[in-house]
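Asker: no sequence on this one, just coordinates:
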């Protein structure tokens, strides 16, 4: 346990405390209620709902101004072969190969394929996500309220995102000092420490009290407007070629829900960014 990461630590703790949820049985139970036990039909129903959340947003296309760039790529933003291989060395050889079916060992041996920044285009296969529905409760009864979509993206895309570090460096001065979400090196512990400190400080005086208003953004990752996001990144001074990469990362995304061995049809959301343990850019873009 001492050598485990936080993910493994919490996994073991939930098992010890009896909090671990059997997702397979939960999904089958929900399918019995929602689609008469048909997991394939439920996968399609879920994907249709997840995609429909952003239907009211205007889909990003090549008409956006960030795509109209003719300047040469600065050497500052060229990804070297050495940098690529260092990133690939951290990939576990037995890592899941969804959804592009490219084994991790192939990427480790052929790292020079990751040159899309210079081209300004991401392969369509890198923009497909397998969505794993995770229940928010032990007995989910509603697809709309009780299911959280977790996206599994291709290994190549995650590695590529991990070595694009210029976005954080460019916008770090624009982020509020009291923001903790999506900030490297911070966690919910930092938020709690900051809040408790503020409350204690405010109540140092006699007969003082604190009123707290807490807000929660519903579907926060799913409702990101791509046009507004790119406009904001451009106003922060993000280099044109990085903006193009971000735009191609966001445009023409596809997803499909996977339940057991059943896959839904593909859907194309109009907004949002993938959420889950895989996507590297999403927390940064959500800032």
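Answerer: Received it, and whenever you're ready, just let me know what you need. Source: prediction; values computed, not measured.
Asker: All the strands of the stretch 1-150 of the chain, in order from the start?
Answerer: 128-135, 147-152 (DSSP state E, counting those that start in this stretch).
Asker: Make CSV out of these and add distance to residue 37 and mean pLDDT.
Answerer: To be clear about C-beta, it is placed using only N, CA and C from the backbone, and glycine gets the same treatment. Shown next, in CSV, are these (distance: least, Cβ to Cβ, whole Å; pLDDT from 0 to 100):
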stretch, distance to residue 37, mean pLDDT
strand 128-135, 16, 91
strand 147-152, 17, 90
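Asker: could those go into TSV alongside distance to residue 200 and mean neighbour count?
Answerer: Below are the strands of the stretch 1-150 of the chain laid out as TSV (distance: least, Cβ to Cβ, whole Å; neighbours: other Cβ atoms under 10 Å):
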stretch	distance to residue 200	mean neighbour count
strand 128-135	36	22
strand 147-152	34	20
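Asker: can you list these in a markdown table and add distance to residue 207?
Answerer: Shown next, in a markdown table, are the strands of the stretch 1-150 of the chain (distance: least, Cβ to Cβ, whole Å):
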| stretch | distance to residue 207 |
| --- | --- |
| strand 128-135 | 46 |
| strand 147-152 | 43 |
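Asker: ok, which stretches of the stretch 51-200 of the chain are helices?
Answerer: Ranges of helices in the stretch 51-200 of the chain, per DSSP state H, counting those that start in this stretch, are 81-89, 104-109, 116-119, 143-146, 155-162, 166-171, 188-202.
Asker: quick one: contacts of the last one?
Answerer: Right, the one you point to is helix 188-202. 178, 180, 208, 210, 212 (Cβ atoms under 8 Å, 6 or more residues apart in numbering).
Asker: What values do phi and psi take at the last one?
Answerer: Note on residue 212: its backbone torsions stand at phi -120, psi 130 [degrees, to the nearest 10].
Asker: Now do the same contact list for it.
Answerer: Applying Cβ under 8 Å, 6+ apart to residue 212 gives the contacts residue 199.
Asker: residue contacts, residue 262?
Answerer: Listed by Cβ under 8 Å, 6+ apart, the contact partners of residue 262 are 39, 40, 43.
Asker: I'd like to know which of these are buried.
Answerer: Burial by neighbour count, 16 or more other Cβ atoms under 10 Å: within the contacts of residue 262 this picks out 39, 40, 43.
Asker: Report how many residues lie close to residue 241.
Answerer: Residue 241 is flanked by 20 other residues according to other Cβ atoms under 10 Å.
Asker: That one is in what secondary structure piece?
Answerer: Using DSSP states H and E, residue 241 maps to helix 240-250.
Asker: Enumerate the positions of the helix or strand following that helix that are buried.
Answerer: Counting by DSSP H and E, the next helix or strand C-terminal to helix 240-250 is strand 254-259. Going by neighbour count (16+ other Cβ under 10 Å), the buried part of strand 254-259 is 255, 256, 257, 258, 259.
Asker: Could you list every helix and strand in contact with strand 254-259?
Answerer: Packing partners of strand 254-259 (3 or more Cβ pairs under 8 Å, 6 or more residues apart in numbering; DSSP states H and E): helix 39-52, strand 128-135.
Asker: Contacts for the last one, please.
Answerer: Which is strand 128-135. 21, 23, 26-27, 30, 46-47, 50, 98-100, 146-154, 253-259, 263, 266, 274, 276.
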